[in-house]
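S.K.: task: produce atomic coordinates for the following.
(one chain, ligands or ions: 1)
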Amino acid sequence: MLKSGLQRTGNIKNNARKKADYGGVAGEIDDVMVQDPFCKVYFPKRDAYRLRYDGTDLYFCSEECKDKFIKSKK
Ligand SMILES: [Zn+2]
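M.R.: Here you go, the predicted model:
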């Protein structure tokens, strides 16, 4: 009785630690928020339309914003 109880506690601890490690890394990669420099909206980087402009990477929420930004700079 006591033995199996201890074993269970050990398993729960292990699982919790694994989940935290994995979640921390995945969360950082997936949930980075960037700002659209044209419409000022924040959105996840993985959905971004990227533009290399003046040596900097800019991230737009849509292709439309990207085009409008490029036109506004000309
Ligand atoms: Zn936008």
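S.K.: domains in this structure, by residue range?
M.R.: 1-31, 32-74 (automatic domain parsing).
S.K.: lowest average pLDDT across the ones you listed?
M.R.: Among these, domain 1-31 has the lowest mean pLDDT, at a mean of 54.
S.K.: excluding chain neighbours, what is closest to Phe43?
M.R.: In this structure, Phe43 finds its nearest non-sequential neighbour in Cys61, 5.0 Å apart by C-beta to C-beta, 6 or more residues apart in numbering. (C-beta placed from N, C-alpha, C; glycine too.)
S.K.: how many other residues sit next to the one you found?
M.R.: Per other C-beta atoms under 10 Å, the neighbour tally for Cys61 reads 20.
S.K.: what about Val34, how many neighbours?
M.R.: 19.
S.K.: that one belongs to a helix?
M.R.: No: read with DSSP: H, G, I helix; E, B strand; the rest coil, Val34 is strand and lies in no helix.
S.K.: what about the closest residue to it other than its chain neighbours, which helix or strand?
M.R.: The shortest distance from Val34 to any non-neighbouring residue, by C-beta to C-beta, 6+ apart, is to Tyr59 (4.1 Å). Assigned by DSSP states H and E, Tyr59 falls within strand 56-60.
S.K.: which outside residues touch stretch 44-60?
M.R.: Outside of stretch 44-60, the residues within contact range by C-beta atoms under 8 Å, 6 or more residues apart in numbering are 30-38, 61-63, 65-66, 69-70, 73.
S.K.: repeat that for stretch 62-74.
M.R.: Residues contacting stretch 62-74 (C-beta under 8 Å, 6+ apart): 36-39, 49, 51, 53, 58, 60.
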